[in-house]
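Here's my sequence, what's the structure:
(one chain, ligands or ions: 1)
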Amino acid sequence: MTTTRPVALVTGASSGIGKETARAFVAAGFEVIGTGRRTSGLTPPAGVTYLDLDVGSDDSATAAVREVIDRFGRIDVLVNNAGIGSAGAVEENSVTQAQNVLNINVLGVVRMTKAVLPHMRAQGGGRVINISSVLGVAPQPFMALYVASKHAVEGYSESLDHEVREHGVRVLLVQPAYTRTSFDTNATQPDTPLPLYAERRRVFDEVMADAMKGGDDPAVVAKVIVAAATDKKPK
Ligand code: NDP
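From the prediction side, this is the model:
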């Protein structure tokens, strides 16, 4: 099956910002494929096709892109939204925790982008929208792994944008601030918390929970993402 509508592939569309983004692309007239690690049993938003994808796996990334191309014929927009938080002091974060966060937040973007770029070039253009964070350009104690991952996404995206522009492909960043999703409860936690940091962590967790509660509506962030993909002002 091919489609006459532009095609948007949104990773991490089973919840939060990604789910709202998938909805917003449908409203903007796109054919929308939303992904998550286990989408069977989940009800997608109206008009969205769900597909399983673990951005932490090379095979899963290439298989998902292949399936979208086979079914819909093209990918006009890739939104690299899938991501996880990481909590804890640097001394508490194991190398395994670091590998996990960087594998999803950074290499997930790399895998998906590499899989999609040849198709965008061949079809004469496209957009890659990478979901960074305000923490992609600022520090935050007790979230160093996450901050490092988003800073990496920033540098990767801006460098790539200069490489592929001449092929009609743009690579753009969206930097949400606190947004009301399950992001903080889904964050990876240190395996071995140290008593030395317990009090500061308690205060940090309280401040973070308050900031998330008062954060932006994910539907508003979604409109900004669609605007970045279409050059139309958010309504
Ligand atoms: P959620 O936890 O609600 O959503 C995260 C999404 O990522 C889920 O759909 C999850 O799907 C998916 N995901 C996680 N790991 C993987 C994986 N290995 N492979 C594929 N999908 C995966 O959080 P948000 O909606 O808040 O986060 C979305 C993005 O926004 C992230 O990149 C985050 O860093 C960024 N962001 C969030 C902010 C906030 O305050 N909420 C602020 C700034 C940026 P599933 O579990 O089904 O696989």
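
Could you measure from the most centrally placed residue in the chain over to the ligand?
What sits nearest the mean C-alpha location of the chain, by CA atoms, centre = their mean, is N81, with 1.3 Å. N81 sits 5 Å away from the ligand, going by CB to the nearest ligand atom, to the nearest Å. C-beta coordinates here come from the backbone N, C-alpha and C atoms, glycine included.

Verify the stated contact: that residue with E20.
No - taking contacts as CB atoms under 8 Å, N81 lies outside contact range of E20: 10.0 Å.

Show me what the lengthiest helix in the chain is packed up against.
Looking across the chain with DSSP state H, the single longest helix is helix 144-164. When contacts are defined as 3 or more CB pairs under 8 Å, 6 or more residues apart in numbering; DSSP states H and E, helix 144-164 sits against helix 95-105, helix 107-122, strand 126-131, strand 169-174.

now check that helix, is it near the ligand?
No - contact of helix 144-164 with the ligand (CB under 6 Å from any ligand atom) is absent, the minimum separation being 6.8 Å.

mind saving the C-alpha coords of that helix as PDB?
Extracted C-alpha coordinates of helix 144-164, given in PDB (Å, rounded to 0.1, in the frame of the first residue of the first chain):
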ATOM      1  CA  ALA A 144      24.200  14.100  34.200                       C
ATOM      2  CA  LEU A 145      23.700  11.000  31.900                       C
ATOM      3  CA  TYR A 146      20.500  12.400  30.500                       C
ATOM      4  CA  VAL A 147      22.100  15.900  30.000                       C
ATOM      5  CA  ALA A 148      25.100  14.300  28.300                       C
ATOM      6  CA  SER A 149      22.800  12.300  26.000                       C
ATOM      7  CA  LYS A 150      20.800  15.400  24.900                       C
ATOM      8  CA  HIS A 151      23.900  17.500  24.400                       C
ATOM      9  CA  ALA A 152      25.100  14.800  22.100                       C
ATOM     10  CA  VAL A 153      21.800  14.900  20.200                       C
ATOM     11  CA  GLU A 154      22.200  18.600  19.800                       C
ATOM     12  CA  GLY A 155      25.700  18.400  18.300                       C
ATOM     13  CA  TYR A 156      24.800  15.400  16.100                       C
ATOM     14  CA  SER A 157      21.700  17.100  14.700                       C
ATOM     15  CA  GLU A 158      23.300  20.500  13.900                       C
ATOM     16  CA  SER A 159      26.300  18.800  12.200                       C
ATOM     17  CA  LEU A 160      24.100  16.500  10.200                       C
ATOM     18  CA  ASP A 161      21.900  19.400   9.100                       C
ATOM     19  CA  HIS A 162      24.800  21.000   7.300                       C
ATOM     20  CA  GLU A 163      25.700  17.700   5.700                       C
ATOM     21  CA  VAL A 164      22.400  16.800   4.200                       C
END
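
what does it contact?
80, 83, 85-86, 88, 90, 93, 97-98, 101-102, 105-106, 109-110, 113, 117, 120-121, 128, 130, 132-133, 135-140, 170-173, 187 (CB atoms under 8 Å, 6 or more residues apart in numbering).

Show me which of the residues you listed are buried.
80, 83, 85-86, 88, 93, 97-98, 101-102, 105-106, 109-110, 113, 117, 120, 128, 130, 132-133, 135-136, 170-171, 173, 187 (16 or more other CB atoms under 10 Å).

residue boundaries of the helices in the chain?
Under DSSP H, the chain gives helices at 16-27, 58-72, 95-105, 107-122, 144-164, 183-186, 198-213, 218-230.
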